[in-house]
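Undergrad: fold the following, please.
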Amino acid sequence: MKVVIIGGVAGGATAAARLRRLDEKAEITIFERSGYISYANCGLPYYVGGVIQNKKELTLQSPEGFRNRFRIRVNVHHEATEIHPDKKTVTVKNLDSGETFEESYDKLILSPGAQPVRPKLPGIDSKRIYTLRTVEDTFRIREAVENGKLKSAVVVGGGFIGVETAENLREMGLQVSLIQRSNHILPPVDYDIASFLHVHMREKGVRLLLEKNVTGFEETAEGISVLMENDSPVTGEIAILAIGVAPESGLAAKAGLKLGVKGSILVNEHMQTSNEDIYATGDAVSITNAVTGQKAVIALAGPANKQGRIAADHIAGLDSSYQGASGSSVLKIFDMTAAFTGLNEQTAKELGLAYDKVILSPASHASYYPGAKVMTMKLLFEKETERILGAQIVGFDGVDKRIDVIATAMQAGMKVTALKNLDLAYAPPYSSAKDPVNMAGFIAENLITGKVGQFYYEDLEALPKDGSVTLLDVRTDGEYGNGHAEGFETHIPVDDLRERLGELDREKTVYVMCQSGLRSYLACRILAQNGFDCRNFAGGYRFYDSVTHDRFDKECRTGCGL
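TA: Numbers count the residues shown, from 1 in each chain. Okay, the predicted model is just below:
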């Protein structure tokens, strides 16, 4: 059997290695247009920033090493220009010599990846504009930073690549401006959670320009000017374009293969395209979103690797199938970590789902053990089924393991209330006896069983300020004196509440706020059992302060402000 693979990196290289392990006799050939067959795509921004210093460390497997270990024909600087399904051949161009030839196949695997979006804007072809997608791109940016003695850069786009590039350029000492079209960075998270990241990036010296629309570029004597709609230009010596990627499906479309969402290559659960002898993997394909069941493009390394393995399995006669992905991701942003899985709230609304949410600010580990930091968690679940829809977490420590636990629970089909029963590892340096994931389950159960009602940040503006309801802050005198939410003029510390119930009107609904949401929950339990109708503010004043005033308390003090 002769298998030809177009494209290396995560999907193609994984498929080739897996297929060799399954079939020692197969004739396997890879055509890769770049000079690198398998490289750490996700590590590219960290080479720009000098965290990864040796360029060889970006290369996971050299063409020579791949050939020697797997006896696979590896052809770098070779670009497939056309597929002929009727003849089962591929037209290939040697980019070094210019030679064109045809290669036959029994089975074909496409792993073309995605390409950076380059909108047709004035000045887009300037040599001072870079994209970051390949190893070669990385070397060009690093060389420009080092050789040009650059002092400033403008990053256009606040997704994964944009944020990571902005961080690494800033760590190299450059003045960095990041322009984002929407009102927050990292579109997979919601604005309220992203607000914590905005604070941190600004503290680290990144100039964030949100809700700005780029209209073009102009070269200047000093560098490049990024033009913006209804605003002054932003200047830098170079610009990094990171506004997204698009599936590189042109070759597949030209061959008559069916396409899916966003022009991606349509595949089945075995990674077969509309032609049963042609498979496709990675960023160019549309897969099933594990939460919605709808087709989606999820351009991540983990799914690409799994897809490459499944394509190889199926070619070798194994009944492997891909079950979809929920988009679980984690991102380092200076000292902070952002992680998410499944749906965000904006998407849940767009899909018309009946959902509820919990927002909490637990400690990364036992608060009495030195070094505990606060994280912020937001978890969505479906009201009727209690199905977990998604989660977002930002913090300084322990974020990654919590998102992985929730992602695993989602894939296992666990209800949100089952999180409270998870038996998770505990020692004071690592967690608390009631892990943050357990706490999310406890809060969800309280909501579902009616032990407490909630109100949210987006409800604050509509709350009556005419005295018809009671807006109560139950934090300490010191906390309240340092700032409180607008309209929350009634202040009774939770420890004094039982003795001061007479100061409250039982005919009025009481909306309660504390620092993180725990003391206000305790206050609501006291009030509810004394005849009051009570609502607890999800997330607490710390959450409110970040979303409203671009600031938040990172340290864990007095039980994390609980």
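
Undergrad: what are the ranges of the helices in the protein?
TA: 9-22, 44-48, 63-70, 135-147, 160-171, 191-203, 250-254, 301-315, 345-350, 399-411, 436-448, 477-481, 518-528, 540-549 (DSSP state H).

Undergrad: lowest-confidence helix or strand of the chain?
TA: When each helix and strand of the chain is scored by mean pLDDT, DSSP states H and E, strand 38-39 comes last, with a mean of 66.

Undergrad: show me where pLDDT drops low in the stretch 51-200 of the chain?
TA: Along the stretch 51-200 of the chain, the parts satisfying pLDDT under 70 run over 58-60, 148.

Undergrad: next: the stretch 451-562 of the chain.
TA: 554-562.

Undergrad: one more time with 50, if that's ok
TA: For the stretch 451-562 of the chain, applying pLDDT under 50 flags the ranges 558-559, 561.

Undergrad: all strands for it, in order.
TA: With DSSP state E, counting those that start in this stretch as the criterion, the stretch 451-562 of the chain has strands at 453-455, 470-473, 490-491, 510-513, 534-537.

Undergrad: dump the ones you listed into a markdown table; add distance to residue 360 and mean neighbour count as well.
TA: (Each C-beta comes from the backbone N, C-alpha and C, glycine too.) Output for the strands of the stretch 451-562 of the chain, formatted as a markdown table (distance: least, C-beta to C-beta, whole Å; neighbours: other C-beta atoms under 10 Å):
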| stretch | distance to residue 360 | mean neighbour count |
| --- | --- | --- |
| strand 453-455 | 11 | 18 |
| strand 470-473 | 18 | 25 |
| strand 490-491 | 23 | 16 |
| strand 510-513 | 14 | 27 |
| strand 534-537 | 11 | 26 |
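
Undergrad: in TSV, list those strands along with distance to residue 300.
TA: Listed next are the strands of the stretch 451-562 of the chain as TSV, based on distance: least, C-beta to C-beta, whole Å:
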stretch	distance to residue 300
strand 453-455	32
strand 470-473	42
strand 490-491	47
strand 510-513	37
strand 534-537	34
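
Undergrad: quick one: which of the helices of the chain is nearest residue 220?
TA: For these, proximity to residue 220 was assessed by C-beta to C-beta; helix 135-147 is nearest, at 16.1 Å.

Undergrad: going along the chain, name the strands of the stretch 251-400 of the chain.
TA: Along the stretch 251-400 of the chain, the stretches classed as strands by DSSP E, counting those that start in this stretch are 265-266, 278-280, 285-288, 295-296, 329-333, 336-342, 355-360, 376-382, 388-395.

Undergrad: next, name the residue at the spatial heart of the protein.
TA: Central residue of the chain (C-alpha atoms, centre = their mean): residue 329, 4.6 Å from the mean position.

Undergrad: and the residue nearest to it when sequence neighbours are not counted, how far from residue 287?
TA: With C-beta to C-beta, 6 or more residues apart in numbering as the criterion, residue 329 has its nearest non-adjacent residue at 5.8 Å, and that residue is residue 340. For residue 340, the distance to residue 287 (C-beta to C-beta, to the nearest Å) stands at 18 Å.

Undergrad: quick one: which of the strands of the stretch 451-562 of the chain is nearest residue 428?
TA: Using C-beta to C-beta, the strands of the stretch 451-562 of the chain put strand 534-537 closest to residue 428, at 28.2 Å.

Undergrad: ok, and what's touching that closest one?
TA: 452-456, 509-514, 517, 520-521, 523-524, 527-528, 544 (C-beta atoms under 8 Å, 6 or more residues apart in numbering).

Undergrad: just give the nearest non-adjacent residue to residue 223, would you?
TA: Of all residues not flanking residue 223 in the chain, residue 237 sits nearest, at 3.7 Å (C-beta to C-beta, 6+ apart).

Undergrad: okay, now residue 70: neighbour count?
TA: Residue 70 has 19 neighbouring residues, counting by other C-beta atoms under 10 Å.

Undergrad: contact partners for residue 404?
TA: residue 328.

Undergrad: swap in 6 Å and give it another go.
TA: By C-beta atoms under 6 Å, 6 or more residues apart in numbering, residue 404 lies in contact with nothing.

Undergrad: check the gap between it and residue 359 for me.
TA: Relative to residue 359, residue 404 is positioned 20 Å away (C-beta to C-beta).

Undergrad: ok, residue 105 next?
TA: Residue 105 sits 52 Å away from residue 359, going by C-beta to C-beta.

Undergrad: equivalent analysis for residue 301, please.
TA: Residue 301 is 29 Å from residue 359, where distance means C-beta to C-beta.

Undergrad: repeat for residue 127
TA: Residue 127 sits 46 Å away from residue 359, going by C-beta to C-beta.

Undergrad: with neighbour numbers in mind, choose between the two.
TA: Taking neighbours as other C-beta under 10 Å, residue 127 and residue 359 compare with residue 359 leading, 23 against 10.

Undergrad: tell me, how many residues neighbour the closest residue to that one other than its chain neighbours?
TA: Leaving out its chain neighbours, the residue that sits closest to residue 359 by C-beta to C-beta, 6+ apart is residue 539, at 3.7 Å. Residue 539: 29 surrounding residues under other C-beta under 10 Å.

Undergrad: repeat for the one 3 residues further on
TA: Other residues within reach of residue 542, judged by other C-beta under 10 Å, total 21.

Undergrad: one more: residue 428?
TA: Applying other C-beta under 10 Å, we find 14 residues neighbouring residue 428.

Undergrad: so what does it have for phi and psi?
TA: Per-residue torsions, residue 428: phi -50, psi -40 (degrees, to the nearest 10).

Undergrad: how close does it sit to residue 402?
TA: From residue 428 to residue 402 the distance is 17 Å (C-beta to C-beta).

Undergrad: now do residue 493
TA: In this view, residue 493 and residue 402 are 30 Å apart by C-beta to C-beta.

Undergrad: one step back: list the contacts of the residue nearest to residue 329.
TA: Neighbours of residue 340 in contact, by C-beta under 6 Å, 6+ apart: 188, 189, 329, 392.

Undergrad: what's the burial count for the second one?
TA: Looking back up the chat, that one is residue 189. 26.

Undergrad: in contact with it, which residues?
TA: The contact partners of residue 189, taken as C-beta under 6 Å, 6+ apart, are 340, 344, 392.

Undergrad: burial of the nearest residue to residue 343 once chain neighbours are set aside, as a residue count?
TA: Using C-beta to C-beta, 6+ apart and skipping residues adjacent in sequence, the residue nearest residue 343 is residue 390, 3.9 Å away. By the criterion of other C-beta under 10 Å, residue 390 has 28 neighbours.

Undergrad: and if you look at residue 332?
TA: Residue 332 has 17 nearby residues by other C-beta under 10 Å.

Undergrad: residue furthest from the geometric center of the chain?
TA: residue 502 (48.4 Å).

Undergrad: distance of that one relative to residue 358?
TA: Residue 502 is 32 Å from residue 358, by C-beta to C-beta.

Undergrad: likewise residue 142?
TA: With C-beta to C-beta as the criterion, residue 142 and residue 358 are 43 Å apart.

Undergrad: and the two? which has more neighbours close in?
TA: residue 358 (25 against 18).

Undergrad: per-residue confidence for that one?
TA: According to the prediction, residue 358 has pLDDT 97.

Undergrad: and the one 10 residues further on, by the same measure?
TA: With respect to pLDDT, residue 368 scores 91.

Undergrad: what count of nearby residues applies to it?
TA: 11.

Undergrad: for residue 516, see how far away the closest residue in space to it that isn't next to it in sequence is.
TA: With C-beta to C-beta, 6+ apart as the criterion, residue 368 has its nearest non-adjacent residue at 7.1 Å, and that residue is residue 428. Distance, residue 428 to residue 516, using C-beta to C-beta: 20 Å.
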